[in-house]
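Engineer: The following comprises the amino acid sequence and a computationally predicted model.
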Amino acid sequence: MKIKEYRSWSVTDVRAMCIRENLYTEGTNEQYGAMFRMVNDLTPTVENIYKVAKDINSHSEFQTIENIMCMLANDVVRYGYEIEE
């Protein structure tokens, strides 16, 4: 048996998280848009979650990159599985 895990995320969910957690309050519309393009272009690997969290952190107050990574992983990233028997 072989099991594959798939991860995905959406700009809509990242935006909702930023609004709910009062993040990205220090960024411009252009910077916000660039972060959304990054989410669209990247799959949510640990390294890419870090990249997006680092960008969010650089435009936010009062959160660490690690906390933002946890928020992304727990609230935004969706997991799916495919089983080959």
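Structural biologist: The structure has been received and is ready for your questions.
Engineer: Could you find the residue nearest the spatial middle of this protein?
Structural biologist: Residue closest to the average C-alpha location in the chain (Cα atoms, centre = their mean): L72, at 4.5 Å.
Engineer: Spell out which helix or strand contains the nearest residue to that one once chain neighbours are set aside, please.
Structural biologist: The spatially closest residue to L72, leaving aside those adjacent along the chain, is I49, at 5.2 Å (Cβ to Cβ, 6 or more residues apart in numbering). Just so you know, the C-beta spots here come from the backbone N, C-alpha and C atoms, and that holds for glycine as well. Assessed by DSSP states H and E, I49 sits inside helix 46-58.
Engineer: tell me what that helix is packed against?
Structural biologist: Packing contacts for helix 46-58, counted by 3 or more Cβ pairs under 8 Å, 6 or more residues apart in numbering; DSSP states H and E, involve helix 29-41, helix 65-71.
Engineer: Of all these, which one is nearest G80?
Structural biologist: Proximity to G80, assessed across those by Cβ to Cβ, is greatest for helix 29-41 (17.5 Å).
Engineer: Now do the closest one and helix 46-58, the angle between them.
Structural biologist: Orientation check (axes from the mean of the first three to the mean of the last three Cα atoms, to 10 degrees): helix 29-41 against helix 46-58 gives 170 degrees.
Engineer: Tell me the buried residues in helix 29-41?
Structural biologist: For helix 29-41, the buried set under the neighbour-count rule, 16 or more other Cβ atoms under 10 Å, comprises 32, 35-36, 39.
Engineer: about what we covered before: of the helices and strands packed on helix 46-58, which is nearest N57?
Structural biologist: Closest approach to N57 among those (Cβ to Cβ): helix 65-71, 4.8 Å.
Engineer: Quick one: residues in contact with the closest one.
Structural biologist: Here helix 65-71 makes contact (Cβ atoms under 8 Å, 6 or more residues apart in numbering) with 17, 21, 23, 49-50, 53-54, 56-57, 60.
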